[in-house]
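Novice: Structural data only, the sequence is not supplied:
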């Protein structure tokens with residue numbers, strides 16, 4: 001029996017142990033405190049301590065530390081930086097296996113914070129119950145399934161009687177669900193590798209890119225007036241319906257999206273970048289024209305569109321110029337120019353599919369009986385900062401990403417086992433192993 005067969009056999013024989021470990025991760029409700037209505041203690045530290053205990057038993061060199069926002073000021077205007085954010089009791093963790101070995105190194109990377117459970121669950125969101133081959137629970141998809149898989153892949157190799165010829169770093173970070181400052185801090189802390197697997201859910205496809213995401217709010221001014229009465233021209237003090245002006249802008253957004261549908265595509269993305277309207281807020285009384293209106297939108301951008309700070313400044317300018325041009329054609333808006341308030345800029349990144357590491361991952365996936373499909377992610381992940389410092393990175397993990405943040409979030413148990421196998425196979429081929 002060769003090396004790979006021994007590792008795969010260990011995984012096959014320890015499936016219950018793998019799934020139990022994922023259950024233990026789910027049972028520690030590491031909800032990002034950003035989602036708390038009132039500040040309260042986070043369970044992120046509890047989970048990191050649990051993970052550290054497991055990795056320590058496997059012989060890792062472990063470092064646990066709390067990010068400090070003031071130490072990251074040099075990244076102002078870049079992805080993941082939020083001044084004044086408090087990380088008390090919210091540590092990052094890095095565990096290094098094979099420290100000092102000379103082979104190629106690998107970073108296994110993931111976030112351990114989850115969004116709040118919310119309502120309409122039919123099972124306990126923090127139990128990790130398995131029903132019909134699916135584990136239910138908050139974080140099974142996003143992304144404790146992936147975190148469990150990457151840790152158990154390392155354990156599978158070590159418990160099979162091997163040692164690493166190249167270092168493997170297991171990195172678990174906080175705060176992805178509220179902007180990615182944990183990942184920024186991890187890279188700032190100095191951790192590097194020759195390649196990285198970010199174990200976000202991909203339904204077991206290889207995702208060498210993710211899109212950037214902009215959230216913005218277009219603020220449109222009107223002038224209130226009695227909705228049932230005749231109104232003078234606006235230049236003579238008459239009412240101006242902010243909702244009607246918002247409709248005018250929305251019509252032009254439709255035309256912009258038609259252009260983007262042609263110009264903002266990527267061969268590994270199934271849908272083009274668009275400006276999606278998520279919220280409309282307007283009006284005060286049923287008897288008054290709206291004094292103001294807000295259009296809250298979500299706009300996506302491609303890695304090729306990043307600005308000099310590696311975020312979405314170019315697309316922000318494009319949308320600002322679009323709004324100004326549209327408004328200049330309307331007499332009221334020209335005099336009362338709408339403004340965009342930017343809410344979020346979540347960065348993106350891409351690794352060339354021809355890179356040897358991407359191809360190694362594809363071959364690993366095919367070796368365990370999967371298609372080896374390459375497909376980009378339409379949403380943001382933490383892959384930006386590893387790529388920014390020169391680490392070729394893919395997203396790969398169990399679970400359907402469309403189920404992230406849902407009530408009754410679940411991941412097929414079989415996908416978790418397959419993810420362990422793929423990651424273990426990649427470690428064997430990329431870092432290489434030898435008898436302990």
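Specialist: Everything's here; your move. As the structure is a computational prediction, the values presented were derived from the model and not from experiment.

Novice: What residue spans form the domains of the protein?
Specialist: Structural domains assigned to the chain are 3-210+349-435, 212-346, following automatic domain parsing.

Novice: what bits of the stretch 1-150 of the chain have low per-residue confidence?
Specialist: Residues of the stretch 1-150 of the chain meeting the criterion pLDDT under 70: 38-41.

Novice: related to what we said a few turns ago, of the domains of the chain, flag the one that's most buried.
Specialist: Among the domains of the chain, ranked by average contacts under mean count of other C-beta atoms under 10 Å, first place goes to domain 3-210+349-435 (a mean of 20). Where you see a C-beta, it was placed from the backbone N, CA and C, and this is true even at glycine.

Novice: For that one, measure first residue to last.
Specialist: 9 Å (C-alpha to C-alpha, to the nearest Å).

Novice: mind listing the helices in the stretch 151-300 of the chain by residue range?
Specialist: Here the stretch 151-300 of the chain has its helices, by DSSP state H, counting those that start in this stretch, at 181-188, 242-263.

Novice: Mind giving me the packing neighbours of the longest one?
Specialist: Here helix 242-263 is seen to pack against strand 212-221, strand 275-282, strand 292-301, helix 313-328, helix 331-335 when contacts are counted using 3 or more C-beta pairs under 8 Å, 6 or more residues apart in numbering; DSSP states H and E.

Novice: My guess is residue 417 contacts residue 13. True?
Specialist: No: contact criterion C-beta atoms under 8 Å: residue 417 and residue 13 do not qualify, at 11.3 Å.

Novice: Quick one: closest of the helices of the stretch 151-300 of the chain to residue 172.
Specialist: helix 181-188 (8.9 Å; C-beta to C-beta).

Novice: what's the closest one packed up against?
Specialist: Against helix 181-188 (3+ C-beta pairs under 8 Å, 6+ apart) you get strand 92-97, strand 106-111, strand 168-173, helix 384-388.

Novice: Is residue 86 part of a helix or strand, or is it coil?
Specialist: Assigned with DSSP: H, G, I helix; E, B strand; the rest coil, residue 86 falls in the coil class.

Novice: so what's it up against?
Specialist: Each residue near residue 86 by C-beta atoms under 8 Å, 6 or more residues apart in numbering is listed here: residue 69.

Novice: nearest to residue 131, of the helices and strands packed on helix 181-188?
Specialist: strand 106-111 (24.7 Å).

Novice: roughly how far is the helix or strand following that closest one from the heart of the chain?
Specialist: On the C-terminal side of strand 106-111, the closest following helix or strand by DSSP states H and E is strand 130-131. A distance of 26 Å separates the centroid of the chain from that of strand 130-131, by C-alpha atoms, centre = their mean, to the nearest Å.

Novice: do the same with stretch 35-50
Specialist: Centroid separation between stretch 35-50 and its chain, computed with C-alpha atoms, centre = their mean, is 19 Å.

Novice: Can you give me the first-to-last residue distance of it?
Specialist: Across stretch 35-50, first to last residue, C-alpha to C-alpha, it's 22 Å.

Novice: hmm, who's touching it?
Specialist: Contacts for stretch 35-50 (C-beta under 8 Å, 6+ apart): 24-25, 28-33, 64, 89-93, 112-113, 115-116, 172, 174, 177-178.

Novice: do you know how far residue 370 is from residue 108?
Specialist: Distance of residue 370 to residue 108, given as C-beta to C-beta, to the nearest Å: 19 Å.

Novice: As JSON lines, the helices and strands packed on helix 242-263 with distance to residue 389 and mean pLDDT would be great.
Specialist: As requested, those are exported to JSON lines (distance: least, C-beta to C-beta, whole Å; pLDDT from 0 to 100):
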{"stretch": "strand 212-221", "distance to residue 389": "18", "mean pLDDT": "97"}
{"stretch": "strand 275-282", "distance to residue 389": "31", "mean pLDDT": "97"}
{"stretch": "strand 292-301", "distance to residue 389": "21", "mean pLDDT": "98"}
{"stretch": "helix 313-328", "distance to residue 389": "20", "mean pLDDT": "98"}
{"stretch": "helix 331-335", "distance to residue 389": "43", "mean pLDDT": "97"}
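
Novice: Now render those as TSV, adding distance to residue 127.
Specialist: As requested, these are exported to TSV (distance: least, C-beta to C-beta, whole Å):
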stretch	distance to residue 127
strand 212-221	31
strand 275-282	32
strand 292-301	32
helix 313-328	42
helix 331-335	53
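
Novice: out of the ones you listed, nearest to residue 245?
Specialist: Residue 245 lies closest, by C-beta to C-beta, to one member of these: strand 212-221, at 5.2 Å.

Novice: Which strands border the closest one, and is each parallel or antiparallel?
Specialist: Using DSSP bridges, the strands paired with strand 212-221 in its sheet are strand 292-301 (antiparallel), strand 339-346 (antiparallel).

Novice: Reformat those as TSV; add distance to residue 212.
Specialist: Listed next are the strands paired with strand 212-221 as TSV, based on distance: least, C-beta to C-beta, whole Å:
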stretch	distance to residue 212
strand 292-301	4
strand 339-346	6
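
Novice: mind checking which of the ones you listed is nearest residue 188?
Specialist: Nearest to residue 188, of all these, is strand 339-346, at 18.0 Å by C-beta to C-beta.

Novice: which residues of the stretch 1-150 of the chain fall in helices?
Specialist: 3-13, 15-26, 44-57, 145-159.

Novice: mind checking which of these is nearest residue 185?
Specialist: helix 44-57 (13.3 Å).

Novice: angle of the closest one against helix 181-188?
Specialist: 40 degrees (axes from the mean of the first three to the mean of the last three C-alpha atoms, to 10 degrees).

Novice: how far does helix 44-57 sit from the chain's center?
Specialist: A distance of 22 Å separates the centroid of the chain from that of helix 44-57, by C-alpha atoms, centre = their mean.
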